[in-house]
Each structure stands twice: as C-alpha cells, then as structure tokens.
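return a 3D structure for these sequence lines:
(one chain, ligands or ions: 1)
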Amino acid sequence: MDYSYSYQTDNPVIVIIWLLVSLGIAVGLGFVGRNIMLKKGRSGGGGFALGFFLGIIGLIICAVMSESPERQMERMRMMQQGFGRPPMPGGAPGYPPQPIPPAYPPAPPVAPQAKTCRSCGAALVPEASFCPNCGTRV
Ligand SMILES: [Zn+2]
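Okay, here's the model as predicted:
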C-alpha cells in the first residue's frame, strides 16, 4: 500500500486553493488588526500590515500597543464632560425640571466633641481649657 499519494501537493489546483485560503486568512487578520488600530486612534494601515504579515502575533502587537496621545486626551475630555458637571435641569420643554439627586449623601455635621488637642491629638471635651493628656492649653 502506498499512501504517499494522499500527501502530495504537486497538484496545481490544490496549491492555488491553498494559496487563496492563506491569502484570505492573511487579509482577514489584516482587517482585524486594522480595526484594533483604528479603535486606538492609530493608523489602520499599520494594523493591517501587522495582521497580514505577522498574523496572530501581529494582532497581539496591535492589542498591546498603547493608544495614541490624541485618543488618550480625547478619552480624558470625555470623562471630564461625563462626570464633572451634572446636566442642566429643564432642558426638555414640557417637562418640569427634575431636581438632581446628589451623588453622595450629605456629610453629617461635625460633632463638637470631635475637637482634638493640637499638640498631641488627644480627644478633648468641648469645654476643656487644657488637654487632659499633655496639659497644653487649647
Ligand atoms: Zn494634648
């Protein structure tokens, strides 16, 4: 029995199909790399070349590559706009302006007995004139 026939790739049709499949995979990887790079605000052509020539390794390089400085600044601006200021009330006509709930509950008022000694930091009663711990006048 001769099995060598099963492994031969001299058939030009098989070689061409194999080349086309390889090319298709390379182009597909190139587009994946291009999308990764575009999301990072970098040139898509570089990502395409990385995916096309280096395959999975190129995609990993695209993934670990840092975002462009422009994109990082844009992201920071969006964060500041999103969280810095609450939206203006009464923007939509026909609806009464809704009160904006505070993001955090109001801080409890500072208890007067929270006074501490400026010298040693010991807790003081409000009416104390001298620190009971170190004797400093308060
Ligand atoms: Zn003290």
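
give me the longest helix you can find in this protein.
Longest helix in the chain, counting residues (DSSP state H): helix 12-39.

packing partners for that one?
Applying 3 or more CB pairs under 8 Å, 6 or more residues apart in numbering; DSSP states H and E, one finds that helix 12-39 makes contact with helix 44-54, helix 56-64. All C-beta atoms are positioned from the backbone trio N, CA, C, and that covers glycine.

if you compare those helices, which one is most tucked away?
Most buried of the helices and strands packed on helix 12-39 by mean neighbour count (mean count of other CB atoms under 10 Å) is helix 44-54; its value is a mean of 19.

identify the residues contacting it?
26-27, 29-38, 58-59, 61-62 (CB atoms under 8 Å, 6 or more residues apart in numbering).

same thing with stretch 72-84?
So stretch 72-84 is contacted by 41, 67 (CB under 8 Å, 6+ apart).

export only the CA atoms of it, formatted as CSV.
What follows is stretch 72-84, C-alpha atoms only, in CSV (Å, rounded to 0.1, in the frame of the first residue of the first chain):
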residue,chain,number,x,y,z
GLN,A,72,-5.9,59.4,25.3
MET,A,73,-6.6,63.2,25.6
GLU,A,74,-9.9,62.7,23.9
ARG,A,75,-10.9,60.0,26.4
MET,A,76,-9.9,62.2,29.3
ARG,A,77,-12.0,65.1,27.9
MET,A,78,-15.0,62.8,27.6
MET,A,79,-14.5,61.6,31.2
GLN,A,80,-14.4,65.1,32.4
GLN,A,81,-17.5,66.1,30.5
GLY,A,82,-19.4,62.9,31.6
PHE,A,83,-18.7,63.1,35.3
GLY,A,84,-17.6,66.6,36.0
